Structures are given as C-alpha cells and as structure tokens.
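**Student:** Okay, here's the prediction I keep looking at, along with the sequence it came from:
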Amino acid sequence: MSEKILVIDDDKPTVEYVSGVLKRRGFEVVEAYCAQGGLRQAYSNQPDLVLLDVDLPDKDGWEMCRQLREMSDMPIIFLSARRDKGDIIKGLDIGADDYVTKPWDDDELIARIHARLRRSPRTNLSEELVFNQGDFRINFMNREVWIRKSLKHLTPKEFNLLAVLVRNAGRVVTRTELVTEAWGDEYSDAIDSLKLYIHYLRQKIETNPQQPEYILTSRGVGYRFIKR
C-alpha cells in the first residue's frame with residue numbers, strides 16, 4: 001500500500017505541482033487549500049505525512065501545526081517561501097519534523113519525506129482524535145469536551161491547556177511545558193496566568209472544583225490529568 005501525503009497550501013499551482021511530483025514517486029496524495037480543509041482531510045483520510053505551508057487564508061501554519069500535533073504524531077514538514085532563520089526555528093520548535101524552503105529540489109524533498117516516514121510507525125489517527133475515559137470525552141478534531149453527556153464550552157486557551165494535559169494523561173506536565181505547548185513559545189513568560197486558567201477549567205469540568213477528579217496539582221511542579 002502506498003503512503004498517503006496530505007498537501008496543505010492555498011496556492012493551487014503549488015499544490016498541483018507538488019501533487020504531481022509525489023504521484024510520480026508512487027505516493028497517494030490528498031489536497032487541501034486552507035487550514036480547516038486540512039483538518040477535515042487529516043481526520044477523514046488519515047495521511048502518513050503532512051506537507052504544510054505557513055501562510056494560509058483562515059489560520060496560519062503555526063497554529064495549524066499545533067492542532068495537527070495535538071491530533072497525532074504523524075510527520076509534519078513545512079513547505080514554505082519563508083526563508084528567515086527565525087521562521088525555520090519557530091516551525092521546528094512548535095512541533096514540525098522538518099522545514100523545506102521554496103524553491104526546493106524535488107529529489108531532496110522526496111528524500112526528506114522518505115526519511116521521516118521511515119522513522120514514523122503507522123498510527124490510527126481516528127483513535128488519536130478522541131479520548132474517552134468514563135464520563136469524560138474530548139474530541140481534538142472538533143475541539144469539544146463532553147462530561148457526563150454535557151457539552152462544556154471552553155475558550156481556545158482553556159481547550160489547548162486541557163488538550164495538552166489529556167495528551168499527557170497520567171504524567172505531571174511542568175508549568176513551563178504546559179504553557180509553551182498549549183499557547184506557544186511567545187507565552188513562555190505567562191506562567192503566572194496559568195493558575196487562573198486552571199481555575200477556570202476546573203470550574204467548567206469538575207463536579208467539585210475544590211476537590212478535582214480530573215486535573216490535579218503537583219505542588220511546585222505543574223499539573224496532571226488523572227488516567228484511570
């Protein structure tokens with residue numbers, strides 16, 4: 001079975017060119033021209049690797065990368081016209097596996113794709129998109145949280161915090177790690193705000209916020225989502 005590559009770029013000629021290169025090398029290709037379309041394709045087609053542009057019309061590639069990384073550990077390669085060293089470092093820091101600048105050499109791009117695929121075992125994305133535990137359910141794709149069959153309305157910041165904690169269920173996530181993974185490196189100095197947001201989360205998802213059953217505090221370190 002040929003590996004499936006999801007190409008996300010708002011420039012149609014670029015998508016068509018990349019798709020042609022990939023198909024000639026034996027890959028199956030899925031295309032998307034915006035972030036939301038890319039998320040839908042990732043969910044429905046379960047690609048083995050994603051090629052992602054930074055500049056998308058509805059959401060920048062940085063945030064798109066974070067959301068894809070919340071879904072799965074599948075390889076993500078930025079394919080971007082942004083050649084600044086700072087952009088490359090940022091792309092790798094937020095979770096991408098590689099960063100290729102335009103214009104690129106087709107043979108080199110294919111070699112990088114093969115290298116990433118060799119290091120990445122095939123995973124079932126549909127399973128990774130949903131976490132179920134007793135009365136708690138989170139859908140990373142739809143960004144929905146259900147507790148005791150009740151839909152909880154979380155802000156984007158609250159949801160991102162909860163998603164990181166759930167992805168690391170059973171492990172203490174340090175405050176610095178939690179802030180940077182959930183909100184990005186630019187929020188690394190926002191640790192003082194974390195306690196308040198955890199308070200907001202507990203008010204929304206805990207039966208008794210004073211005696212939490214989902215999010216526990218590890219004093220002086222960080223927080224842990226209970227894994228049962």
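**Tutor:** Here it is on my side, so go on. Numbering: from 1, shown residues only.

**Student:** helices and strands of the chain: which one bottoms out on pLDDT?
**Tutor:** In the chain, the helix or strand scored least confidently by mean pLDDT, DSSP states H and E is helix 125-128, which has a mean of 54.

**Student:** tell me, which helix in this structure spans the most residues?
**Tutor:** Here the longest helix in the chain is taken by residue count, with DSSP state H as the criterion, and it is helix 191-205.

**Student:** average model confidence for that helix?
**Tutor:** Helix 191-205 comes out with an average pLDDT of 91.

**Student:** and it, what does it pack onto?
**Tutor:** When contacts are defined as 3 or more C-beta pairs under 8 Å, 6 or more residues apart in numbering; DSSP states H and E, helix 191-205 packs onto helix 156-167, helix 175-183, strand 215-218. Where you see a C-beta, it was placed from the backbone N, CA and C, and this is true even at glycine.

**Student:** can you pull out the strands in the chain?
**Tutor:** 4-8, 28-32, 49-52, 76-80, 98-101, 130-133, 136-139, 144-147, 150-152, 173-174, 215-218, 222-225 (DSSP state E).

**Student:** What residues are bridge-paired with I138?
**Tutor:** Using DSSP bridges, the beta-bridge partners of I138 come out as F131, V145.

**Student:** most neighbours per residue, which of the strands of the chain?
**Tutor:** Counting by mean count of other C-beta atoms under 10 Å, strand 49-52 has the highest mean neighbour count of those, with a mean of 25.
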